[in-house]
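Engineer: next comes the sequence, and after it the predicted model I'd like to discuss.
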Amino acid sequence: MMHSLETEWPGQACQTWRVPECPFPIEWSAAVMEEIRADAMEALFSVPHGGAEIGGVLWGTRADGRVRILAARPLKCEHALGPTFTLSGNDHARLAAMLQDGLQDGLQDGPEDGCRDLRAQGWEPVGWYHSHTRSEILLSDRDVEIHNRYFPDPWHVALVVRPHAMQPMRAGFFFREANGSI
């Protein structure tokens, strides 16, 4: 069961997602979801026969028993292992640096303010997102490993989007239930 509710943050139209199994509501900025959708669609058409998959970090706040997604920063996957969002050693290093240092793309010599501007606003990584172009909306074993390694807290979420050339994009949130299962 999905429940949507319009709310407002300064300058952002937002939605709320609730299901009985999730111990907290998830709110997200419509503008952030549109950015992810546009990036996923661009990647879908970038490679013949299924496109490339994308991913990144969801930034926001957690307060009053809810998680709020207010920004997304892409992780530039080098796709060394093919067009799926399968992280190479370099990709893992960039993701770890993004989360630890707040640097966009996790590059020490890259733009210093890529994610630090988000931390300066009091935001933190609240989860991650990625697209699936060859499978349904699910967390694969590889996805669960990423979630457990980089997003272990009970309030961390994963967003999987499924772009389609002729239909609207579908998406699903994944979360830890009270017993710890995803």
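Structural biologist: Cool, the structure landed.

Engineer: show me where pLDDT drops low in this structure?
Structural biologist: Scanning the chain for pLDDT under 70 picks out the ranges 1-12, 101-114.

Engineer: where exactly do the strands run in it?
Structural biologist: Per DSSP state E, the chain carries strands over the ranges 7-9, 12-17, 26-29, 55-63, 66-74, 124-131, 157-162, 170-174.

Engineer: what packs against the fifth one?
Structural biologist: For strand 66-74, the contact count by 3 or more Cβ pairs under 8 Å, 6 or more residues apart in numbering; DSSP states H and E identifies strand 12-17, strand 26-29, helix 30-44, strand 55-63, strand 124-131, strand 157-162 as packing neighbours. C-betas here are computed from N, CA, C, even on glycine.

Engineer: re earlier: now the strands of the chain as CSV including distance to residue 87 and mean neighbour count?
Structural biologist: What follows is these, written out as CSV (distance: least, Cβ to Cβ, whole Å; neighbours: other Cβ atoms under 10 Å):
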stretch, distance to residue 87, mean neighbour count
strand 7-9, 31, 11
strand 12-17, 26, 16
strand 26-29, 24, 22
strand 55-63, 8, 21
strand 66-74, 13, 21
strand 124-131, 10, 23
strand 157-162, 14, 23
strand 170-174, 17, 17
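
Engineer: would you convert the ones you listed into TSV that also reports distance to residue 115?
Structural biologist: Converted to TSV, those look like this (distance: least, Cβ to Cβ, whole Å):
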stretch	distance to residue 115
strand 7-9	19
strand 12-17	18
strand 26-29	16
strand 55-63	7
strand 66-74	6
strand 124-131	8
strand 157-162	17
strand 170-174	22
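
Engineer: give me the residue at the spatial middle of this structure.
Structural biologist: The centre of the chain sits closest to residue 129, judged by Cα atoms, centre = their mean, with a distance of 2.1 Å.

Engineer: partner residues bridging the closest residue to residue 58 other than its chain neighbours?
Structural biologist: The shortest distance from residue 58 to any non-neighbouring residue, by Cβ to Cβ, 6 or more residues apart in numbering, is to residue 127 (4.4 Å). Here residue 127 sits in beta bridges with residue 58, residue 157, going by DSSP bridges.
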